[in-house]
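S.K.: A structural model of the following input is requested.
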Amino acid sequence: MARLQAEGLESLQLDLDDSDSIRAAVTKVLERTNGELYALFNNGAYGQPGAVEDLSRETLRAQFETNLFGWHELTCLLLPVMRKQGYGRIIQNSSVLGLVALKFRGAYNASKYAIEGLSDTLRQELHGTNIHISLIEPGPIESRFRANGVAYFKNNIDLEHSPFRTQYQKTLARLSAKGPVVPFTLPPEAVLKKVIHALESPHPQPRYYVTFPTWLFGSLRRILTTRALDRLLRKI
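M.R.: Residues are numbered from 1 along each chain as shown. The predicted structure follows:
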């Protein structure tokens, strides 16, 4: 926080796992903006790695608290403001894993599938209100997402007693390597370009694909059968 403020950025603390923190942040923002807000960009999230059968109920709940429930609560607190002023933009940073699922990413897959469904529903419910809902579908982007995921894996997954122990060891070795692990990784500016369009366009798109993998799998899920797509995704 201190570093951001030292760089001249207005910033405040918001913990998506804490309702009190969310309400306090909303109050502070609206105090600074005289009760109005043009846009909300929901972006705070993390990816909990691990096979579905290795996820405890608490671990899966924690993934949803941050990636879905916190976003939902924040959005619902700000929607009355946007309704009153007669306009608004809500931008949800989803994922290519909200379009297709990859093994050992079940918690994150599920949270992003959920935000896709919630956003599609909200877009229909807000039709005619001049409040627009857009989903950003990034794919691989340079960030600390991978490093954070490794930390959550080590904290919450029992590697030694898992039937996937060998696969986990290979995955951890790959994720610990320096530099991009996934081909077609782009810098954060690629996401920024889409966010700016969603903010400024008079007709923002419902979905913005960012990287080549997102374009590819967004198309393949409409073309291939489920079995054919599964065969392809298992090879990744």
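S.K.: then the helix or strand containing residue 214 to CSV, C-alphas only?
M.R.: Element membership for residue 214 (DSSP states H and E) is helix 212-223. Provided in CSV are the C-alpha atoms of helix 212-223 (Å, rounded to 0.1, in the frame of the first residue of the first chain):
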residue,chain,number,x,y,z
PHE,A,212,-4.0,-17.2,-28.6
PRO,A,213,-4.9,-20.1,-26.3
THR,A,214,-8.1,-18.3,-25.3
TRP,A,215,-9.0,-17.7,-28.9
LEU,A,216,-8.1,-21.3,-29.8
PHE,A,217,-10.0,-23.1,-27.0
GLY,A,218,-12.9,-20.6,-27.1
SER,A,219,-13.4,-21.8,-30.7
LEU,A,220,-12.7,-25.5,-30.2
ARG,A,221,-15.2,-25.9,-27.5
ARG,A,222,-17.9,-24.9,-30.0
ILE,A,223,-16.6,-27.1,-32.7
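S.K.: Which secondary structure elements does the helix or strand just after that helix sit against?
M.R.: Counting by DSSP H and E, the next helix or strand C-terminal to helix 212-223 is helix 226-234. Here helix 226-234 touches helix 212-223, going by 3 or more Cβ pairs under 8 Å, 6 or more residues apart in numbering; DSSP states H and E. To be clear about C-beta, it is placed using only N, CA and C from the backbone, and glycine gets the same treatment.
S.K.: what's the angle from the helix it packs on to helix 226-234?
M.R.: Angle, helix 212-223 to helix 226-234, by axes from the mean of the first three to the mean of the last three Cα atoms, to 10 degrees: 160 degrees.
S.K.: Quick one: mean pLDDT over helix 212-223.
M.R.: Per-residue pLDDT values across helix 212-223 average out to 96.
S.K.: List the buried residues for that helix?
M.R.: By 16 or more other Cβ atoms under 10 Å, the buried positions in helix 212-223 come out as 213-214, 216-218.
S.K.: what does stretch 20-37 give?
M.R.: Buried residues in stretch 20-37, counting neighbours by 16+ other Cβ under 10 Å, are found at 22, 25-26, 29, 37.
S.K.: beta partners of residue 134?
M.R.: Going by DSSP bridges, residue 134 is paired in beta bridges with residue 91.
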